[in-house]
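Novice: below are the sequence and a predicted model for it; my questions follow.
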Number of protein chains: 2
Amino acid sequence: MKLASEILVPRGFEFSSATAGIKVSGAPDLALAFAPHGAKAAAMFTTNRVVAVPLQCGREHLRRTGGRVRAVVVNSGNANCATGEKGRRACDQVCRSVAKAMDCREDEVFPASTGIIGVPLPAGKLIQAIPQLLAARAADADAAQRFARAIMTTDTRMKTASARFGRATLFGACKGAGMIHPRLATLLVYLFTDAEAKPRELRELLHRAVHVTFNRMNVDTDTSTNDTVLLLASGEAGVAKRKDFAAALTAVCESLARQIVADGEGVQHVVNLRIEGARSDGEASQVAKAIANSMLVKTAWAGADPNWGRVLAAVGYSGVPIDPNKVDISFGKFQVCRKGVAAAFDEEKVHTYLSQPVLDVRVRLGRGKVGATFWTCDLTSEYVHINADYHT
Amino acid sequence: MKLASEILVPRGFEFSSATAGIKVSGAPDLALAFAPHGAKAAAMFTTNRVVAVPLQCGREHLRRTGGRVRAVVVNSGNANCATGEKGRRACDQVCRSVAKAMDCREDEVFPASTGIIGVPLPAGKLIQAIPQLLAARAADADAAQRFARAIMTTDTRMKTASARFGRATLFGACKGAGMIHPRLATLLVYLFTDAEAKPRELRELLHRAVHVTFNRMNVDTDTSTNDTVLLLASGEAGVAKRKDFAAALTAVCESLARQIVADGEGVQHVVNLRIEGARSDGEASQVAKAIANSMLVKTAWAGADPNWGRVLAAVGYSGVPIDPNKVDISFGKFQVCRKGVAAAFDEEKVHTYLSQPVLDVRVRLGRGKVGATFWTCDLTSEYVHINADYHT
C-alpha cells in the first residue's frame, strides 16, 4: 500500500488548535478534531495498571454511546495522570465545556492528555481557550497539521501519514518520543477516515493494524499511562473494500510507528530489527523485545559497535528456549555470527555500515518459520540528558 | 551479622595472580585460588540460554567429582563465550595444564572467564603464565587481594568482604560493573570458608543467600552469559552452627552485591529500593525489577529529579495487578505520592535529598505484608560512553 505524499483530509472532519498556556514554551497545547455529523469509533488503551484520567473517561464515553464520537479534545503538557478525584473533575469540566460549545452530548467528547504525570490539570486554562479552538477550525490540510503539532510534547517533528483506498481516504496523526514500549496501543494516535464501517469492524481492523505496527516499536523500556489509539470513521465516502481499508490502516500505522522511533529521544540510529526462524509471532516478539530493551545492545548501536555478542546474550536471556548453536546474526549484508560463533567479517566495514542513521539487524533463531519486523533505536547520552533534566 | 573490617583468609586456601597478556592494559588478568587439601563446593550459574564455555566445563567437573574442587582458575579480558568447539578445547587445555602443575585431577579444576564475548580464548598465553601463578601463591590477605584484583574487567574497585562465625571465617571476592541484571547467581563471585559442610548443605546455604543478595541487584537490563557464584569450604575449622554460617554468607554476599552496584558503570547514585505491602516475595521482586529496569526512572535518578510519576508508571506496567489508589512512594523521609496521587512535598528539599550519592526509595503497594530490598542505580551519560566505546 503506497502512502500519499501530501496530507489528505477525509470528508466529515474539521481540525483546530489553540494555545491554552499549559506549555511553558507558549507553543500550541490544545487540539480539536470535530466530526459535525458524528463518527463511528474504535479505541485501544494502555495496558498499564496506572491509567490516566482521560482514558478512563474516554472509555466510559465510548461505552455509553456504543462507539460514537463528535469531538476529540487533546491537551499536551500535562498527562492528567495520578491526579485522583480532582483530575477526574477537571476532565469532566473540559468535556462538558466542549460539548456545550460544539452543541453535542458530553459523552460524545473523547478527551486525551499527554505530558507530565502527577500534576493537577488546569481545567480553567483549557476551558478559556475553547472559543479560540472553535474559531480556528477548518477542514483542510493546514488545520490537520495544526492538530498534529498541538499534541506534541518532547517530539521534535510533527508525525502524520495519509492513504487513499477506493473512494475513501485515511489520515493519521500521532505524538510520541519517549516512554515508548510496545505492550499495547502506544501513545496518542488519531486515525480519521471517511470510509463507512461499524464500530465492531473498526475495532477488528484497528487491533490487527496496531498489533503489527505500534506494538512492534520501542524507544525505551517504559509503557506509558496515557497511551491511546483512536480510529474515527465519518462514513461520508461510503463502504470501502475491507481488504483495502485494512491495508491502508496498516500502512498509515506503520509509517507513524516508524516516525515515532525516528524522532525518539536522543535517537541517532533507527534499527529495523528482523527476527526470523521463530516458532510463533509471540516468540519473535519476545526475542525482539529483549534485544530492543537491552541497554548494552542499545549503547553498542550508539557507538556503531559491531558487538554482536551483546545481541546474542540478549537472545539468550529473552526467555525463549533457543539453541545458541542455531543462531545467526547479520548487520545489513554482513553476517557477524553464524551458528552461535563469530563469522569472518571486516570490523572496519561493519563499523562504517553501523555508522549510518538507519540500520538493518537480522537475527535468525533456527527454531521455526515465523518472522516479524520491529522498529527500535539506540540509547545515547542525549536520551539521558533529555530525561535527567525534563522535570526540574 | 557484622562484617570484618579487614580481609580474613580462611584456613585451607592459597591465592595468586599473574599477567598473561590478555588485557591490553597489561594489568593482571589471571587468578588462582588453590585448596591444597581440596574443598567441598557448591555453584550457581547464569540462567541465560547462551552459556559461556567455562561454565559448561565447571558444571561438568562438579558433577563428576560430586562437588569437590582443588583449583579455581579465572581469566579476565575474554569471556570464552560464543567461541564454539575451539573455545571448549582452549578451556580444556587450560584446566589440564593447571591440573598438571598443581598435581590434581583435571575435573578438580574449576575454570572461569570474563570479558568480551565471541573472541577466541588465547589458551597459550594462559598456560605460559601458570608457572608465575604457582610461584606467587600465598595464604595471606595480600594474595587474596591480588586474586580479587586480577578478576576485574570494567570494575574500578576491588570487591571483597569477610566475616567470622564461630571458629570459622568466610572470605568473598567478586567482579562486576555492567551486564548486571538479577535473574540468577550474578557474575563472578568466589566465596571461601574453612567451615566444614557437605556439598548439599553448601548448595542450600548458597541458594538462600544468593536469592536475597545477588538476585536483588541491578545495574542494567542485561543478564550475563558468564555469571558464576562459587562457594568453597575447606572444612579446616570444623563444623559451624548452620544459622551462623547462613548469616555470615548472607552478610558477605549482600556486601559484595552492594559493592557491585556502587561500582556500576557510570553510576552516580546508588538506590536502596524497598518494596513493601506485596503479597509475595515474587511480587515484590517483579515490581522492583520494573522500576530498576526503567530507563526513565534511572535517568530521573541521574538528574536528582523528584519525578515520582515515572516510578508509579513502572509499578503500573510491572505486571503485578496493583491498585494505583493504594500506592505510596517515598524518597528518603519525603513522601512524594500518597494513595496514587501527589503528596504535598517541597520539591527543592527533595531535589537536594536526591542529589546525594546513596538514596532510599520506598514503594508501598498496599496489597499484602511482604517486603524486600533491592540495590540498583541511576543511568548516566557515562554509562552510555563506557558501553558505546568498549569494544572498538
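Specialist: Here it is on my side, so go on. Numbers count the residues shown, from 1 in each chain, chains lettered A, B, ... in the order given.
Novice: buried stuff in the longest strand along chain A?
Specialist: Taking DSSP state E as the criterion, chain A has its longest strand at strand A:30-45. Residues of strand A:30-45 classed as buried: A:30-36, A:38-45 (neighbour count, 16 or more other Cβ atoms under 10 Å in any protein chain shown). C-beta here means a position set from N, CA and C on the backbone, and glycine is covered the same way.
Novice: flag every buried residue along stretch A:233-250.
Specialist: So stretch A:233-250, judged by 16+ other Cβ under 10 Å, has buried residues A:233-237, A:240, A:244-250.
Novice: identify the farthest-apart pair in the residues you listed.
Specialist: Using Cβ to Cβ, the buried residues of stretch A:233-250 span at most 22.3 Å, a distance reached by A:Glu236 and A:Thr250.
Novice: before we move on, which element is A:Pro131 in?
Specialist: Following DSSP states H and E, one finds A:Pro131 within helix A:130-136.
Novice: that helix packs against which elements?
Specialist: For helix A:130-136, the elements it packs on are strand A:14-18, strand A:30-45, helix A:84-102, judged by 3 or more Cβ pairs under 8 Å, 6 or more residues apart in numbering or on different chains; DSSP states H and E.
Novice: do that again at 6 Å, thanks
Specialist: Applying 3 or more Cβ pairs under 6 Å, 6 or more residues apart in numbering or on different chains; DSSP states H and E, one finds that helix A:130-136 contacts strand A:14-18, helix A:84-102.
Novice: please name whichever of the ones you listed is nearest to chain B.
Specialist: helix A:84-102 (4.0 Å; Cβ to the nearest Cβ).
Novice: can you give me the strands for the stretch 51-200 of chain A?
Specialist: Along the stretch 51-200 of chain A, the segments classed as strands by DSSP state E, counting those that start in this stretch run A:68-78, A:109-116, A:159-165, A:168-175, A:188-193.
Novice: and of those strands, who's closest to B:Gly172?
Specialist: strand A:109-116 (43.7 Å).
Novice: need the contact list for the closest residue to chain B within the stretch 101-250 of chain A.
Specialist: In the stretch 101-250 of chain A, the residue that lies nearest chain B is A:Ile117 (2.7 Å; Cβ to the nearest Cβ). By Cβ atoms under 6 Å, 6 or more residues apart in numbering or on different chains, the residues touching A:Ile117 are A:Ala79, A:Cys81, A:Ala82, B:Gly309.
Novice: quick one, the longest helix seen in chain A and strand A:168-175 angle?
Specialist: Identified as the longest helix of chain A according to DSSP state H is helix A:242-262. Relative orientation of helix A:242-262 versus strand A:168-175 (axes from the mean of the first three to the mean of the last three Cα atoms, to 10 degrees): 20 degrees.
Novice: so what are the sheet partners of the following helix or strand past helix A:242-262 and their directions?
Specialist: The helix or strand immediately downstream of helix A:242-262 is strand A:270-278, counting by DSSP H and E. In the sheet, strand A:270-278 lines up against strand A:358-364 (parallel), strand A:370-377 (antiparallel) (DSSP bridges).
Novice: by mean pLDDT, show me the worst of those strands.
Specialist: Ranked by mean pLDDT, those end with strand A:370-377 at the bottom, a mean of 90.
Novice: got a list of what the residue nearest to A:Ile275 when sequence neighbours are not counted touches?
Specialist: Among residues not flanking A:Ile275 along the chain, A:Ala284 sits closest, at 4.2 Å (Cβ to Cβ, 6 or more residues apart in numbering or on different chains). Shown in contact with A:Ala284 (Cβ under 6 Å, 6+ apart): A:Ile275, A:Ala278, A:Val370, A:Ala372.
Novice: and the residue of chain A most remote from its centre, how far from A:Glu276?
Specialist: Distance to the chain centre peaks in chain A at A:Ala344, reaching 38.7 Å (criterion: Cα atoms, centre = their mean). Note on A:Ala344: its distance to A:Glu276, by Cβ to Cβ, to the nearest Å, is 21 Å.
Novice: could you do A:Thr352 as well?
Specialist: With distances taken as Cβ to Cβ, A:Thr352 is found 25 Å from A:Glu276.
Novice: which of the residues in stretch A:377-392 are buried?
Specialist: A:377-388, A:390-391.
Novice: got the angle for the longest helix of chain A vs strand A:159-165?
Specialist: Interaxial angle of helix A:242-262 relative to strand A:159-165 (the same axes, to 10 degrees): 160 degrees.
Novice: quick one: helix A:242-262 to chain centroid distance?
Specialist: From the chain centre to the centre of helix A:242-262 is a distance of 11 Å (Cα atoms, centre = their mean, to the nearest Å).
Novice: and it, average pLDDT?
Specialist: 82.
Novice: thinking again about what came up before, neighbour count: A:Thr352 and A:Glu276, which is higher?
Specialist: Shown here are A:Thr352 and A:Glu276; by other Cβ atoms under 10 Å in any protein chain shown, A:Glu276 has more neighbours (18 against 11).
Novice: how many other residues sit next to the residue lying closest to the more buried one once chain neighbours are set aside?
Specialist: Leaving out its chain neighbours, the residue that sits closest to A:Glu276 by Cβ to Cβ, 6+ apart is A:Gly371, at 4.2 Å. Close neighbours of A:Gly371, defined as other Cβ under 10 Å, add up to 15.
Novice: my guess is A:Gly371 contacts A:Leu273. True?
Specialist: No: with contact defined as Cβ atoms under 6 Å, A:Gly371 does not reach A:Leu273; the gap is 11.1 Å.
Novice: restricted to strands, list the buried residues of stretch A:377-392.
Specialist: Those of these lying in strands (DSSP E): A:Cys377.
Novice: what parts of the stretch 251-392 of chain A come near chain B?
Specialist: Applying Cβ under 6 Å from any Cβ of the partner chain, we find that the stretch 251-392 of chain A lies next to chain B at A:293-296, A:299, A:302-303, A:305, A:307, A:309, A:312-313, A:316-317, A:322, A:324, A:340-342, A:381, A:384, A:387-389, A:391-392.
Novice: now a PyMOL select for only the buried ones of those.
Specialist: Of those, the buried ones can be selected in PyMOL as follows, counting by 16+ other Cβ under 10 Å:
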select buried, chain A and resi 293+294+295+296+299+302+303+305+307+309+312+313+316+317+322+324+340+341+342+381+384+387+388+391
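Novice: okay, and the beta partners of the residue lying closest to A:Ile329 once chain neighbours are set aside?
Specialist: In space, and not counting its chain neighbours, A:Ile329 is closest to A:Cys337: 3.9 Å by Cβ to Cβ, 6+ apart. For A:Cys337, the beta-bridge partners are A:Ile329, A:Ala342 (DSSP bridges).
Novice: report how many residues lie close to A:Cys337.
Specialist: A:Cys337: 25 neighbours (other Cβ under 10 Å).
Novice: tell me who's in contact with it.
Specialist: By Cβ under 6 Å, 6+ apart, A:Cys337 lies in contact with A:Trp308, A:Ile329, A:Ala343.
Novice: who touches the second one in this structure?
Specialist: I take that to be A:Ile329. So A:Ile329 contacts A:Trp308, A:Val311, A:Val336, A:Cys337, A:Val363 (Cβ under 6 Å, 6+ apart).
Novice: I'd say the last one and A:Ile275 touch.
Specialist: Yes: shown here, A:Val363 and A:Ile275 form a contact pair, counting by Cβ under 6 Å, at 5.4 Å.
Novice: can you list the low-confidence ranges for chain A?
Specialist: Residues of chain A that meet the criterion pLDDT under 70 lie in A:177-189, A:212, A:214-227, A:390-392.
Novice: so it: which segments form each domain?
Specialist: For chain A, automatic domain parsing gives the domain ranges A:14-262, A:270-388.
Novice: pretty sure A:Phe345 contacts A:Phe334?
Specialist: Yes: counting by Cβ under 6 Å, A:Phe334 is a contact partner of A:Phe345 at 5.2 Å.
Novice: the longest helix of chain A packs against which elements?
Specialist: strand A:159-165, strand A:168-175, helix A:199-211, strand A:370-377.
Novice: perfect, that will be all.
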